[in-house]
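Student: next input, structure requested:
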Amino acid sequence: MSQRGSVNKIGEGYIDGSYMDGRFYEAFVFVSDVKEGKYLSLLFNEPGERSSKIPRKSVEPERPRTIADDFHDQIEDLYSIPQEYWPRKEVRFSPSMVAKCERELYYLNVDAEKDPPQPAVPWKNRLPRNGEGVHQVTQKDYLAMPDKMKKHGKTYNFKMLQTEVIGRKVFEVDGVMVVISGRCDGILLHRDGRRFIWEKKTKDKRKNLQKIKEPQDDHKQQVVAYSLIFDIPGTIFEYEALEKPPWMKDVSDDMKHFYVESTSEMEQKLLTRLAGIVKAIESKQVPPKDLDKCMFCSYKELCAKESN
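Tutor: Numbers count the residues shown, from 1 in each chain. Okay, the predicted model is just below:
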């Protein structure tokens, strides 16, 4: 280990100490960037921590470039392509979007200009595949569920009738036509003849899953839209954490299920809200914005101009 004042390579460092708030602290100070003169320090609060917590930063040796690197570069370019958006052929609302800000739904249906796209980051464009992959594998498992459970002598009350079910309904509300169209993850059939929408949601971490005590509000609004499209009032939500428990842990805490049922009052309220947006589009009157729903909106710049 280098002495103080002679550190000149990434990963090299020295032990230093100082008094703060009446206590003596030791720290391992190491170089993170020689050119920029950046130094990082790791603070130890207790004597004896030093030996076990000193970082062992290694610098990987350069390796010759191979054909695999060319393929890697091509894949990074592939996932750097911005997402494409197709123009709308009609004013319509999908179940996953009915809870959005009325102004955003207005902009979406008139094909308003979106904010300039941010530079595409490959890993962010790959991220949705995690959830999509879990959806597809789970759907396959549930379609095969009755035969597999019977083979192993297990009873079951539900079976998956269909997956990726597409629906579309048109409603006349307050003199305008409201179109709701979309796709649900699946339709379950109970042994007693009742049908339920099956809706899959994923979370990245188990700790985020454990925070969920009930479906979030925009998910509940999906239930109402599904009921209107498919005439199935009840939805069973399945939340799954992509992060799994440690291998040796026997308790499964990576999945939760919730039941939400739509009512005629909820359906009428949603239809009236969507009809108001259709009227705003026809009269070219921009609806008010909902400040609680601005974070993920794609029309921030246009919205700011309208507000001014």
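
Student: now do the helices in the stretch 1-150 of the chain.
Tutor: 50-53, 67-78, 102-109, 122-126, 128-143, 145-151 (DSSP state H, counting those that start in this stretch).

Student: pick the most buried one from those.
Tutor: Mean neighbours per residue, mean count of other CB atoms under 10 Å, is largest over the helices of the stretch 1-150 of the chain for helix 102-109, with a mean of 22. Yep, even glycine has a C-beta here, placed from its N, CA and C like the rest.

Student: just checking the distance from that helix to the centre of its chain.
Tutor: In terms of CA atoms, centre = their mean, to the nearest Å, the centre of helix 102-109 is set 21 Å apart from its chain centre.

Student: what's next to that helix, contact-wise?
Tutor: The contact list for helix 102-109 (CB atoms under 8 Å, 6 or more residues apart in numbering) reads 88, 91-93, 97-98, 112, 273-274, 276-277, 280-281, 286-290, 293, 297-299, 302-303, 306.

Student: how about stretch 286-294?
Tutor: Residues from elsewhere that reach stretch 286-294, judged by CB under 8 Å, 6+ apart: 100-104, 106, 276-277, 280, 300, 303, 306-307.

Student: report the two of those residues separated the most.
Tutor: By the measure CB to CB, 276 and 300 form the most distant pair in these, at 22.4 Å.

Student: those two: which is more packed in?
Tutor: Using other CB atoms under 10 Å as the criterion, residue 276 and residue 300 rank with residue 276 on top: 17 against 14.

Student: list the contacts for that one?
Tutor: Neighbouring residues of residue 276 by CB under 8 Å, 6+ apart: 102, 287.

Student: check what pLDDT it gets.
Tutor: Looking at residue 276, its pLDDT reads 97.

Student: tell me how far the closest residue to residue 179 other than its chain neighbours lies from residue 232.
Tutor: Sequence neighbours aside, residue 92 is the residue nearest to residue 179 in space, at 4.1 Å (criterion: CB to CB, 6 or more residues apart in numbering). According to CB to CB, to the nearest Å, residue 92 stands 20 Å off from residue 232.
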